[in-house]
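Chemist: build the 3D model from these lines:
(chains A and B)
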Amino acid sequence: DVKVTQSSRYLVKRTGEKVFLECVQDMDHENMFWYRQDPGLGLRLIYFSYDVKMKEKGDIPEGYSVSREKKERFSLILESASTNQTSMYLCASSSGQGVGYTFGSGTRLTVV
Amino acid sequence: KNEVEQSPQNLTAQEGEFITINCSYSVGISALHWLQQHPGGGIVSLFMLSSGKKKHGRLIATINIQEKHSSLHITASHPRDSAVYICAGLRGANTPLVFGKGTRLSVIA
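Modeler: Numbering: from 1, shown residues only, chains lettered A, B, ... in the order given. Prediction:
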């Protein structure tokens, strides 16, 4: 069964901490994406990557960075967590043609 | 104007009813995805369409390229169909999806 795996389902971090969210896919997909989902705002794209070491800013990249050193792994980094980054974070992957879009089960991050 | 517009925002139906959710999209969208998210659950891709019609069980998705419109139909709806349904457009290769705001469906027994 093909999957996108996110390292944590729930995470609680303190303001100012550096936070790493990990995402791994086993489908050999070219594209990987990080979204956050907030009530009333829907899904918003933070960053995406269409190849190893390549990254593109999405709609809300401020306060975040990403790393893609291997094709299967895409990491989201919160450099200094703030309370307004409390959210559900979803990773997804797809082929280069947008086929086989698969989402991870999400990480609910709470920053206190 | 958003590139992908969905309607209705909220929908309540009785079990067994035929349900339609609509999605309009702008020029530049080459394919449409329909996604499903159950309460507290992850997001699942139901269909990807660039033309015609696709069917999976009680779910049917259609797309009209000339009118830039897609519909998701659910036949013989059931309470387990209660979820948020999201229409998302793809502009082209190696680009992210553009999401509609979603339709929250509640099916009452």
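Chemist: please make it C-alpha for all contacts and neighbour counts, starting now.
Modeler: OK.
Chemist: now do the contacts for A:Glu69.
Modeler: The contact partners of A:Glu69, taken as C-alpha atoms under 8 Å, 6 or more residues apart in numbering or on different chains, are A:Val52, A:Lys53.
Chemist: residue ranges in chain A under the pLDDT threshold?
Modeler: In the prediction, chain A carries residues with pLDDT under 70 at positions A:1-2.
Chemist: again, only using 50
Modeler: Chain A contains no residues with pLDDT under 50.
Chemist: all strands of it, in order?
Modeler: Remark: strands assigned in chain A by DSSP state E are A:4-6, A:10-13, A:19-25, A:31-38, A:42-49, A:56-57, A:64-70, A:73-78, A:87-94, A:102-103, A:107-111.
Chemist: which of those sits most buried?
Modeler: Highest mean neighbour count of the strands of chain A: strand A:87-94, a mean of 25 (counted as mean count of other C-alpha atoms under 10 Å in any protein chain shown).
Chemist: would you mind listing what in chain B touches chain A?
Modeler: Within reach of chain A by C-alpha under 8 Å from any C-alpha of the partner chain, chain B has these residues: B:41-45, B:48, B:90, B:92-96, B:99, B:101-102.
Chemist: swap the cut-off to 7 Å and go again
Modeler: B:Gly42, B:Ile43, B:Val44, B:Ser45, B:Ala93, B:Asn94, B:Lys101 (C-alpha under 7 Å from any C-alpha of the partner chain).
Chemist: so of those residues, which ones are in helices?
Modeler: Among these, no member is found in helices (DSSP state H).
Chemist: which of these are buried, as a PyMOL select command?
Modeler: The buried residues among the residues of chain B next to chain A can be selected in PyMOL (16 or more other C-alpha atoms under 10 Å in any protein chain shown) with this line:
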select buried, chain B and resi 43+44+45+94+101
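Chemist: so which of the residues of chain B next to chain A are in strands?
Modeler: Under the assignment DSSP E, those contribute B:Ile43, B:Val44, B:Ser45 to strands.
Chemist: pLDDT added to these, as JSON lines?
Modeler: Below are these laid out as JSON lines (pLDDT from 0 to 100):
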{"residue": "B:Ile43", "pLDDT": "93"}
{"residue": "B:Val44", "pLDDT": "93"}
{"residue": "B:Ser45", "pLDDT": "92"}
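Chemist: how close does the residue positioned nearest the centre of chain A sit to B:Gly102?
Modeler: The residue lying closest to the centre of chain A (C-alpha atoms, centre = their mean) is A:Trp34, at 3.0 Å. Per C-alpha to C-alpha, to the nearest Å, A:Trp34 is found 18 Å from B:Gly102.
Chemist: nearest to B:Gly57 among the ones in strands among the residues of chain B next to chain A?
Modeler: Closest approach between these and B:Gly57, by C-alpha to C-alpha: B:Ser45, at 14.4 Å.
Chemist: is the closest one bridged to anything, and to what?
Modeler: B:Ser45 has these beta-bridge partners by DSSP bridges: B:Leu35.
Chemist: who's in contact with it?
Modeler: Neighbouring residues of B:Ser45 by C-alpha atoms under 7 Å, 6 or more residues apart in numbering or on different chains: A:Tyr101, A:Thr102, B:Trp34, B:Leu35, B:Gln36.
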